[in-house]
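Undergrad: sequence and predicted model, in that order:
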Amino acid sequence: MPAAAGAAASAAPPWYLILFFGALAALGPLSIDVYLPAIPSIAADFGVTVVSLQNTLNVFLVGYGIGQFFGGALSDQIGRKRIGYLGLAVYFATSIAIAFTSSLPEMLALRFFQAIGGGFSTVICMATVRDIYPVEQLGRRFATVTMVLLIAPLLAPSLGYLLLPLGWEAIFVVKAAYAGLLLAAYARLVPETRAGRLGNLSLRLVFRQCFEVVRRRVGERRLPIRYATAMAFSAACMMIFVTNSSFIYMQYFGVGPGEFSLLFAASVLGFMSMNLFSMWRLKSDNAGTFFRAGLTVQVLVVATLLTVVVTGNASLPTVVPLIVLAVATLGAIGPAGSSRYMGYFRELAGSASSVYTTMMFFLGGTFGWLSGTLNNGTLLPLAAMMLGASLTANTISWGLPRPAQPASR
């Protein structure tokens, strides 16, 4: 471990660090959720359909995945803070530019680069937590970061709804202001936990580092990448809902922006409730059990959702509780799986974070694009894809050990 990281890990980290990284990680959901209530208004302004405008969500997920892939691995080479600074600066500039865009193609291009900046700045969160906390604390520390970042999707749709009277452009100005505040706090309050030099910069080495993460074995088994892949498919189940939430609630069920904000918040509260339980009960020796139980409950809930849709019983009272439960399971799956996965890495913590988050957002973007392509005005394609993602996660996870495994070097 580098000297800076060793010092950070040996001393008691300041209490505000974990809160800061939760706020920084919140940049991702804030980028998506705050403008969901404005999608019909933006579509009308640009003269396009709601489904067409949802591609701004899908392109964001793809760009975010690219930013996370390169950002995490590069932070292993040149330091966490250089990557964080660059990402926040790009995010700030593109958010301002989006506020002045006047067409869907312009917004798509700017959202892509905004997402790369967001990916650079947020991928370092998992890696830095791994830098400064011991392996046995990772589960609860990741749960704490998740709890803080969940404030963003809880409040973001309501914030977007309140800003709508000022014009949808105000939403992106607020995003820029948030990134500017994070940049100032990062520069002033957060130490470097992974020392690096610009001379170490190598794009070729990025792929070598990520390949090392993928092939990392525990005994004779590639357990780390199986955890990452299962988590990514499980999270893609939620991404399908998020990218289509405006269609589900505002178009299919015909609710207004205000009611949409409340319905969306219900899923976030479900996630937060399970995450609180993880903060309370999750330990290194029961993380495997938490992980498998969460995946099992998710696939059963999503299978029930598909059954409700196929049988023609889809309504707000039947669909909303099932979506809330499906999203809530990630409050157990995410912290437990992340603690097991990141615990296998130390020197390659940034690269490990890159591999996982890149898979998650590329899968989310791909499923989101497919859901728009296959959209037939019903909930059937969405429910079927959610079940496919959750089934895949469960299949990959079978055979993963429940007892604690020792962390890798």
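TA: Done, it's in. Residues are numbered from 1 along each chain as shown.
Undergrad: how about low-confidence regions in the chain?
TA: Where the chain drops to pLDDT under 70, the residues are 1-11, 402-409.
Undergrad: remind me, longest helix of it?
TA: The longest helix of the chain (DSSP state H) is helix 104-132.
Undergrad: next one: that helix to chain centre, how far?
TA: Distance of helix 104-132 from the chain centroid (C-alpha atoms, centre = their mean, to the nearest Å) equals 10 Å.
Undergrad: how about that helix: buried residues?
TA: The neighbour-count check on helix 104-132 (16 or more other C-beta atoms under 10 Å) flags 104, 107-132 as buried. Where you see a C-beta, it was placed from the backbone N, CA and C, and this is true even at glycine.
Undergrad: for stretch 260-273, same thing?
TA: Here stretch 260-273 shows Phe260, Ser261, Leu263, Phe264, Ala265, Ala266, Ser267, Val268, Leu269, Gly270, Phe271, Met272 as buried, counting by 16+ other C-beta under 10 Å.
Undergrad: with stretch 31-43 instead?
TA: For stretch 31-43, by 16+ other C-beta under 10 Å, it's 31-43.
Undergrad: ok, residues contacting it?
TA: Contact partners of stretch 31-43, identified using C-beta atoms under 8 Å, 6 or more residues apart in numbering, comprise 49-50, 52-54, 57, 60, 64, 107, 114-115, 118, 152-153, 156-157, 159-161, 163-164, 168, 171-172, 174-175, 242-243, 245-246, 250-251, 257, 260-261, 264.
Undergrad: coming back round to it: return the member of the buried residues of stretch 260-273 nearest to Ala73.
TA: Of all the buried residues of stretch 260-273, Ala73 sits closest to Phe271, with 28.3 Å by C-beta to C-beta.
Undergrad: assess the claim that that closest one and Gly331 are in contact.
TA: Yes: using C-beta atoms under 8 Å, Phe271 makes contact with Gly331 at a distance of 4.9 Å.
Undergrad: about what we covered before: any idea how far the next helix or strand after the longest helix of the chain is from the chain center?
TA: Once the chain leaves helix 104-132, the next helix or strand it forms, by DSSP states H and E, is helix 138-149. Centre-to-centre, helix 138-149 and its host chain are 13 Å apart (C-alpha atoms, centre = their mean).
Undergrad: for the helix or strand that comes right after helix 138-149, output the C-alpha coordinates as CSV.
TA: On the C-terminal side of helix 138-149, the closest following helix or strand by DSSP H and E is helix 151-163. Below are the C-alpha coordinates for helix 151-163, written out as CSV (Å, rounded to 0.1, in the frame of the first residue of the first chain):
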residue,chain,number,x,y,z
ILE,A,151,-30.9,11.3,-0.4
ALA,A,152,-30.4,12.5,-4.0
PRO,A,153,-32.9,10.2,-5.7
LEU,A,154,-35.3,10.7,-2.7
LEU,A,155,-35.3,14.5,-3.1
ALA,A,156,-34.3,14.9,-6.8
PRO,A,157,-37.6,14.4,-8.5
SER,A,158,-39.3,16.8,-6.1
LEU,A,159,-36.5,19.3,-6.6
GLY,A,160,-37.0,19.0,-10.4
TYR,A,161,-40.7,19.5,-10.0
LEU,A,162,-40.1,22.7,-7.9
LEU,A,163,-37.7,24.0,-10.5
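Undergrad: which other helices and strands does helix 151-163 contact?
TA: In terms of contacts (3 or more C-beta pairs under 8 Å, 6 or more residues apart in numbering; DSSP states H and E), helix 151-163 is packed against helix 27-33, helix 169-189, helix 257-281.
Undergrad: quick one on the thing from earlier: list only buried entries from the contacts of stretch 31-43.
TA: 50, 53-54, 57, 60, 64, 107, 114-115, 118, 152-153, 156-157, 159-161, 163-164, 168, 171-172, 174-175, 242-243, 245-246, 250-251, 257, 260-261, 264.
Undergrad: what angle do the longest helix of the chain and helix 169-189 make?
TA: Interaxial angle of helix 104-132 relative to helix 169-189 (axes from the mean of the first three to the mean of the last three C-alpha atoms, to 10 degrees): 30 degrees.
Undergrad: so which residues of the stretch 301-409 of the chain form helices?
TA: Ranges of helices within the stretch 301-409 of the chain are 316-328, 330-342, 349-373, 380-397, based on DSSP state H, counting those that start in this stretch.
Undergrad: and among those helices, the most buried is which?
TA: When you average the neighbours per residue for each of the helices of the stretch 301-409 of the chain (mean count of other C-beta atoms under 10 Å), helix 330-342 leads with a mean of 28.
Undergrad: and the residue nearest to Glu169 when sequence neighbours are not counted, how far from Gly364?
TA: Using C-beta to C-beta, 6 or more residues apart in numbering and skipping the chain neighbours, the partner closest in space to Glu169 is Ala99 (4.2 Å). According to C-beta to C-beta, to the nearest Å, Ala99 stands 25 Å off from Gly364.
Undergrad: ok, now Asp45?
TA: For Asp45, the distance to Gly364 - C-beta to C-beta - is 26 Å.
Undergrad: same deal with Met147?
TA: For Met147, the distance to Gly364 (C-beta to C-beta) stands at 21 Å.
Undergrad: tell me which of the helices and strands packed on helix 151-163 lies nearest to Phe92.
TA: When those are compared by C-beta to C-beta, helix 169-189 sits nearest Phe92, at 4.4 Å.
Undergrad: right, and the helix or strand after the closest one?
TA: For helix 169-189, the following helix or strand on the C-terminal side (DSSP H and E) is helix 203-215.
Undergrad: buried stuff in that next one?
TA: For helix 203-215, the neighbour count (16+ other C-beta under 10 Å) marks Val206, Gln209, Cys210, Val213 as buried.
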